[in-house]
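1. 3D model of this:
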Amino acid sequence: MDIKTNIIAFKQSLPESVKLVAVSKTKSPGEIMEAYNAGHRVFGESKAQELLPKHEALPKDIEWHMVGHLQTNKVKYIAPFVALIHSVDSLKLLKVINKEGRKNDRIVSCLLQMHIADEGTKFGMDYEECCRLLESEAFRDMKHVEVKGLMGMATFTDDHEKVRNEFRQLKKYFDAIKQQYFAGKDAFREVSMGMSDDYQLGIGEGSTMVRVGSAIFGDRKQL
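-> Now for the predicted structure:
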């Protein structure tokens, strides 16, 4: 698996409007540096306890994204530096992120995770939950988070039409929420959808950000 070749190929093939998040969970700093030396700077991790030592060990111009399920008691470890948290799935979590952002005197960028898959194991809010969060007084009072869009994970299936429809639904959610809650706010513009097996379907349905791991780094090591 030639990481440098894969990174270059992805960067050449993706539309300019789509950001590539190279998902480096379970990968070594050396493997991440292969992608870094190929010119890539945006990496995603799914566990705070893995992200923190990598942030400390690797170049400081890396833009770190948290793409996995985030527990409230882990927020404090990544709040000082994380560029974007993709996986905000509750008001409770967003409150903690806001609190840690205040402690670190910074605004933490976030995406709201929507449940679009036909699988109970995937995290995320339904549309009504998301609206309640955005209409809550607690959210309106937050000064240290900025919601920049939505994220969703499609069902793990070979049925491309099913995946395409789930991504289409996420884009509909994005459009409706943008119109109702973020009209005129340019910062709310990200739709994070698409991974190694389905990123092309995600792009076809309006993704602005794809989270690609195994197609760049090879199969994941089991921890």
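
2. pLDDT score assigned to the residue most central in space within the chain?
-> In the chain, the residue lying closest to the centroid (C-alpha atoms, centre = their mean) is residue 86, at 3.1 Å. Residue 86 is assigned a predicted lDDT (pLDDT) of 98.

3. a strand runs through it, doesn't it?
-> Yes. Checked against DSSP: H, G, I helix; E, B strand; the rest coil, residue 86 lies within a strand.

4. does it touch residue 111 like I think?
-> Yes. Counting by C-beta atoms under 8 Å, residue 86 touches residue 111, with 4.7 Å between them. C-beta here means a position set from N, CA and C on the backbone, and glycine is covered the same way.

5. need the overlap of contacts for these two.
-> Applying C-beta atoms under 8 Å, 6 or more residues apart in numbering, one finds that residue 86 and residue 111 are jointly contacted by 151, 192.

6. contacts for stretch 3-16?
-> With C-beta under 8 Å, 6+ apart as the test, stretch 3-16 has contacts from 20, 22, 31, 34-35, 37-40, 203, 210, 212, 215-217.

7. before we move on, what about stretch 51-65?
-> Here stretch 51-65 makes contact (C-beta under 8 Å, 6+ apart) with 21, 24, 29, 32-33, 36, 41-45, 66, 77-78, 81-86, 211.

8. what about those, which are in helices?
-> 29, 32, 33, 36, 77, 78 (DSSP state H).

9. ok, the nearest residue to the second one once chain neighbours are set aside to residue 122 distance?
-> It stands for residue 32. Taking C-beta to C-beta, 6 or more residues apart in numbering as the measure, residue 32 lies nearest to residue 24, with 5.0 Å between them; neighbours along the chain are not counted. Computed as C-beta to C-beta, to the nearest Å, the residue 24 to residue 122 distance reads 21 Å.

10. how close does residue 154 sit to residue 166?
-> Per C-beta to C-beta, residue 154 is found 4 Å from residue 166.

11. which one of the two has more residues nearby?
-> residue 154 (28 against 24; other C-beta atoms under 10 Å).

12. end-to-end on stretch 204-214?
-> The straight-line separation of the ends of stretch 204-214 (C-alpha to C-alpha, to the nearest Å) is 20 Å.

13. how many neighbours does residue 12 have?
-> For residue 12, the count of nearby residues is 7 (other C-beta under 10 Å).
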